[in-house]
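> Coordinates for the following, if possible.
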Amino acid sequence: MRLSEVGEFGLIARLARLIGGREGDASGIVLGIGDDAAAFRPAPGRLLIATADMLVEEVHFRRDWMSARDLGWKSLAVNLSDCAAMAAEPCFALACVALEKETAVATVEELYAGMQELATHFGVRLAGGDTVRARGGQVIAVTAIGDVAPEQMATRAGARPGDVLLVTSTLGDSAAGCAALQAGPAAVARVPEAVLQAHRRPWPRVAEARAAAVTGGLTALIDLSDGLASDVRHIGEESGVGAEIDAAAIPLSPACREAAACLGLDPLALALSGGEDYELLLAVAPHRVSDVRAAIAATGTSAVPIGRVVPQGFTLLQPDGTRCPLPGAGFQHFPT
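Now for the predicted structure:
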């Protein structure tokens, strides 16, 4: 069955059965799908945060690179990662999709099933959105709403010289997976499945960010969507500081190293400029580093020091002890 056969309202009715209808729930939703807007009751004394991300076919994804379910998962994951970057708890999401009229209904249901799968992990309610016809290619735009205690909200501003920079887990895996997919089926068959999964199904570090924020040791926070070299500059720009990154300290997984070797790539370059890791980069007051690392470790995720905040400039400390300018920014939609 195609969308041209079931129609817009038939599709909405099917999706409402998949992700929940009008009823309220514990996430704060008072009214869900079925009206002109959803209704949400924020918790007393909390700040609301809102974030939106758009995934465009042939820019952010290709349908032959991942299943519809994986695409749905990733579409929501990138928004939940932005909630994590503010140390916020995601509450609900709105999904807007533009689809070709000959798209199979089962494909759309799988897309939403992927969103729902991840939403269930984080207690997030898919509360509505919009479906429209696209003339060519798919577009998925998700808006997520979360909340946070005012004193625990994290931002990119606030890092100070002397602060320690930490990252969660490992970097470069998603970029390695993307590079394999770009290289074609033969390359995909050679690289570890873990790097492909990292690209298709990133895991938002919501619990890790919340745990770090509760310690009171954070001074700045960002999720690594564009690459470490780019995102550390975002913290620097908003905080009015610079950074020095220790290349030897950047955590690289065995899967990333293996994939890079298969593809003839530098794993360090994948970590610095590849993007789409959706790990956290944290600036932490020096005397609180052990507290923050312990809090994150309690969630089951590692956090390792990879550098420090300096008054100005962005440098890379190389393994031989020499310093060079930090490589240029990662992915940009409108490069100059």
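> Surely residue 63 forms part of a strand?
No: counting by DSSP: H, G, I helix; E, B strand; the rest coil, residue 63 falls outside a strand, being coil.
> and the residue lying closest to it once chain neighbours are set aside, what is it in contact with?
Of all residues not flanking residue 63 in the chain, residue 57 sits nearest, at 6.9 Å (C-beta to C-beta, 6 or more residues apart in numbering). Every C-beta, even on glycine, is put in place using the N, C-alpha and C of the backbone. Going by C-beta atoms under 8 Å, 6 or more residues apart in numbering, residue 57 touches 63, 137, 138, 139.
> any idea how far residue 57 lies from residue 97?
11 Å (C-beta to C-beta, to the nearest Å).
> can you check residue 170 too?
32 Å.
> now residue 290
Noted for residue 290: a distance of 45 Å to residue 97, by C-beta to C-beta.
> And those two? Which one has more around it.
Remark: of residue 290 and residue 97, residue 97 carries more neighbours, 23 against 12, as counted by other C-beta atoms under 10 Å.
> Name the residues linked to the more buried one by a beta bridge.
Beta-bridge pairing for residue 97 (DSSP bridges): residue 131, residue 140.
> That one contacts residue 103, correct?
No: the pair residue 97 / residue 103 is not scored as a contact, 9.5 Å apart, by C-beta atoms under 8 Å.
> From the chain's centroid, how far away is stretch 52-69?
14 Å (C-alpha atoms, centre = their mean, to the nearest Å).
> What of stretch 64-77?
13 Å.
> picking up where we left off before, who touches both of residue 97 and residue 103?
Common neighbours of residue 97 and residue 103 (C-beta under 8 Å, 6+ apart) are residue 138.
> any chance you could map the helices in the stretch 101-250 of the chain?
Ranges of helices within the stretch 101-250 of the chain are 105-122, 173-183, 185-190, 193-200, 206-215, 228-239, based on DSSP state H, counting those that start in this stretch.
> Of the ones you listed, flag the one that's most buried.
helix 173-183 (a mean of 24; mean count of other C-beta atoms under 10 Å).
> and it, average pLDDT?
Average pLDDT, helix 173-183: 97.
> just stretch 122-130 next, same as before
Per-residue scores along stretch 122-130 average to 89.
> Can you tell me the SS state at residue 309?
Residue 309 ends up strand, using three-state DSSP.
> burial of the residue nearest to it when sequence neighbours are not counted, as a residue count?
Take residue 309 and drop its neighbours on the chain: the residue closest to it by C-beta to C-beta, 6+ apart is residue 163, 4.1 Å away. By other C-beta under 10 Å, the residues close to residue 163 number 27.
> you'd agree residue 163 is up against residue 311?
No: contact between residue 163 and residue 311 fails when scored by C-beta under 8 Å: they sit 11.5 Å apart.
> before we move on, the earlier item: may I ask which of the contacts of residue 57 has the most neighbours?
Comparing those by number of neighbours (other C-beta under 10 Å), residue 138 comes first, having 21 neighbours.
> tell me the contacts of that one?
Per C-beta under 8 Å, 6+ apart, neighbours of residue 138: 56, 57, 63, 97, 98, 99, 100, 103.
> Take those and lay them out in JSON lines including distance to residue 49 and pLDDT.
What follows is the contacts of residue 138, written out as JSON lines (distance: C-beta to C-beta, whole Å; pLDDT from 0 to 100):
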{"residue": "56", "distance to residue 49": "24", "pLDDT": "93"}
{"residue": "57", "distance to residue 49": "28", "pLDDT": "90"}
{"residue": "63", "distance to residue 49": "31", "pLDDT": "88"}
{"residue": "97", "distance to residue 49": "23", "pLDDT": "93"}
{"residue": "98", "distance to residue 49": "26", "pLDDT": "93"}
{"residue": "99", "distance to residue 49": "29", "pLDDT": "90"}
{"residue": "100", "distance to residue 49": "33", "pLDDT": "89"}
{"residue": "103", "distance to residue 49": "32", "pLDDT": "86"}
